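In: after the sequence you'll find the predicted model.
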Amino acid sequence: MKDNFVNHLRPRFISDRALSVYYTFCLGGLSFLAFLMLGITGILLMFHYQPGTSSGFSSVLTIGSVIPYGSVIRNLHYWSAQLMVVTVNLHMVRVVWTHSYKPPKQLNWLVGVGLLVLVLVLDFTGYLLIGSQESGAAATVAANLLKQIPGLGTALAQIALGEPTALSGSTLIVYVWHCVALPLAAFWLQLYHFWRIRRDGGVRPL
C-alpha cells in the first residue's frame, strides 16, 4: 500500500500533455504553496498571539509594532491567505471549464469542493482572530445565522464560535478551529486530492 501511494505521487512516466502549464496554470500548486506559507507564518505568529475577547486585538497590535519582523510575518500570512482564496477559486473555475469533474474524477471534484469550503472558513476564522470591533460584528452575525438552524442552531453556534462579543470575534474555540482542526483537515484532504489526481490518470484534458 505504501509503495502504491508513493508511485501515484511520483510515477515514473507522465505525459507531456498532462504537465502543460497552459492547461493547469499551476493553480493547484500555487494553492498548496500558499498553504505551506500559511503554515510556516502561522506557527511563528502562534508564539505571540493570545486568543480571547480581551487579548486578541492587543496581541495583534503587539505583533505588528513590538515583535521584530512581526509586521512582515503577519502580512505574509494575510496575503498568503488571500492568494490561496483566489487561486483555489480560479482552480475550481479551470476544472469546470475543462470538464475535469466528469467520471472518473467526480470523487476528486467533491474533495476539491470540500477544500474550497475549508479555505473560505479558514479565511473567515482568521479574520475573527484579529479581535477588532469589525471582526466581533462578523462573529455575531455568523453566530446569529447559525442559531436560525432549527434544533441544532444554538449548539452549532457554540461549537463553532464560542461566545463572541460585539467588540471582539476572537475566542479560544475559534483559535482552535483556525490553528489546529481546520488546517489538519485541509492538509490531509490535499494529500488525498493529490493522490486521486494520479489515481484518476493525471490532469490531462478529457
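Out: Now that the structure is in, tell me what you want to look at.

In: gap between residue 26 and residue 92?
Out: Relative to residue 92, residue 26 is positioned 15 Å away (Cβ to Cβ, to the nearest Å). Yep, even glycine has a C-beta here, placed from its N, CA and C like the rest.

In: biggest helix in this structure by residues?
Out: helix 70-97 (DSSP state H).

In: centroid-nearest residue for the protein?
Out: Closest to where the C-alpha atoms of the chain average out (Cα atoms, centre = their mean) is residue 119, at 2.9 Å.

In: chain neighbours aside, what residue packs nearest to that residue?
Out: Closest residue in space to residue 119, ignoring its immediate chain neighbours: residue 88 at 5.1 Å, by Cβ to Cβ, 6 or more residues apart in numbering.

In: just to revisit the earlier point, quick check on the residue nearest to the centre of the chain: phi, psi?
Out: Phi and psi for residue 119, reported as degrees, to the nearest 10, are phi -60, psi -40.

In: isn't it right up against residue 186?
Out: Yes: counting by Cβ atoms under 8 Å, residue 119 touches residue 186, with 7.1 Å between them.

In: where do the contact lists of these two overlap?
Out: Residues touching both residue 119 and residue 186 by Cβ atoms under 8 Å, 6 or more residues apart in numbering: none at all.

In: circling back to that earlier point, contacting residues for the residue nearest to residue 119?
Out: Residue 88 touches 27, 31, 115-116, 119, counting by Cβ under 8 Å, 6+ apart.

In: nearest to residue 81, of those?
Out: Closest to residue 81 out of the contacts of residue 88 is residue 119 (8.5 Å), distances taken as Cβ to Cβ.

In: tilt between the strand or helix carrying residue 198 and helix 70-97?
Out: Using DSSP states H and E, residue 198 sits within helix 182-199. Interaxial angle of helix 182-199 relative to helix 70-97 (axes from the mean of the first three to the mean of the last three Cα atoms, to 10 degrees): 40 degrees.

In: packing partners of helix 182-199?
Out: Here helix 182-199 touches helix 2-9, helix 27-46, helix 106-128, going by 3 or more Cβ pairs under 8 Å, 6 or more residues apart in numbering; DSSP states H and E.

In: pick out the shakiest of those, pLDDT-wise.
Out: Here the lowest mean pLDDT among the helices and strands packed on helix 182-199 goes to helix 2-9, at a mean of 58.
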